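K.L.:
Here's a sequence, model it:
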Amino acid sequence: MIIKQKEKKRIRISQKRQITIPQKFYEQLGFSDSAECTVKGDSLVITPVRASSGEFADLILEDLVKEGYEGEELIREFRNRQRKIRPAVEELLSEAKMVAEGGSHYGTYDEIFNSEEE
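P.N.:
The predicted structure follows:
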């Protein structure tokens with residue numbers, strides 16, 4: 001099933017501000033149990049959250065194994081740590097934007113790495 005780029009469908013918003021994504025859109029775009037909402041101009045864009053393609057997965061697993069995790073506990077802790085990556089990266093990007101706009105001070109390489117040598 002191919003969805004045309006401009007295909008539209010009117011949906012109802014419940015009293016609890018809930019919507020239902022039309023099934024053919026849901027399936028075509030690969031939604032699962034979560035979505036990301038973004039405001040672009042005067043539009044709300046809803047996109048599927050796709051499973052990460054291994055954002056630091058190998059590094060996380062190496063650390064967990066070194067820390068002694070195994071079995072179900074390993075799986076739980078892996079998922080927990082992987083969920084924290086995106087918010088951490090978004091925070092770094094936010095801080096970088098503030099620095100770029102002159103709204104925050106940043107440390108230079110020398111300030112960070114040469115402070116102990118003095």
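K.L.:
Give the buried residues for stretch 50-68.
P.N.:
For stretch 50-68, a neighbour-count test (16 or more other CB atoms under 10 Å) marks Ile60, Leu61, Leu64 as buried. No exception for glycine: its C-beta is placed from N, CA and C like everyone else's.
K.L.:
Restricted to strands, list the residues you listed.
P.N.:
If you go by DSSP state E, the buried residues of stretch 50-68 have nothing in strands.
K.L.:
hey, where'd the strands end up in the protein?
P.N.:
35-40, 43-48.
K.L.:
From the buried residues of stretch 50-68, pick the one nearest Leu93.
P.N.:
If you rank the buried residues of stretch 50-68 by distance to Leu93 using CB to CB, Ile60 comes first, at 20.1 Å.
K.L.:
chain center to the longest helix anywhere in the chain, what's the gap?
P.N.:
Ranked by residue count under DSSP state H, the longest helix found in the chain is helix 71-100. Helix 71-100 has its C-alpha centroid displaced from the chain centroid by 8 Å (CA atoms, centre = their mean, to the nearest Å).
K.L.:
tell me the mean pLDDT for it?
P.N.:
Averaged over helix 71-100, pLDDT sits at 86.
K.L.:
Who are the packing partners of that helix?
P.N.:
helix 57-66 (3 or more CB pairs under 8 Å, 6 or more residues apart in numbering; DSSP states H and E).
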